[in-house]
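Asks: fold the stuff below for me.
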Amino acid sequence: MLNGYTLSSKLMKFGWYRGYVQDGGWYHTFYKENILISHALLYAL
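Replies: Below is the predicted model:
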């Protein structure tokens, strides 16, 4: 089991970006863009 900080750092290490800050200073979404195929992935917690 991973805590929120560990999951966030792992995703960011693999090229994911955090979404907008929500209430309480938390991030609820991460996204990754692929310019070569003009596609974006969104992962919501």
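Asks: what helices or strands is whichever strand or helix holds Thr6 leaning on?
Replies: Element membership for Thr6, per DSSP states H and E: helix 4-13. Where contact means 3 or more Cβ pairs under 8 Å, 6 or more residues apart in numbering; DSSP states H and E, helix 4-13 is packed against strand 29-34. Heads up, the C-betas are built off the backbone N, CA and C, glycines and all.
Asks: return the backbone torsion pair for Phe14.
Replies: Torsion angles at Phe14 (phi, psi; degrees, to the nearest 10) stand at phi -100, psi 20.
Asks: how far away is it from Leu7?
Replies: Look at Phe14 and Leu7: by Cβ to Cβ, to the nearest Å, they are 11 Å apart.
Asks: quick one: pLDDT of the residue with the shortest distance to the centre of the chain?
Replies: Residue closest to the mean C-alpha point of the chain, counted by Cα atoms, centre = their mean, is Phe30 at 2.0 Å. For Phe30, the model assigns a pLDDT of 84.
Asks: the one 4 residues further on too?
Replies: At Asn34, the pLDDT value in this model is 73.
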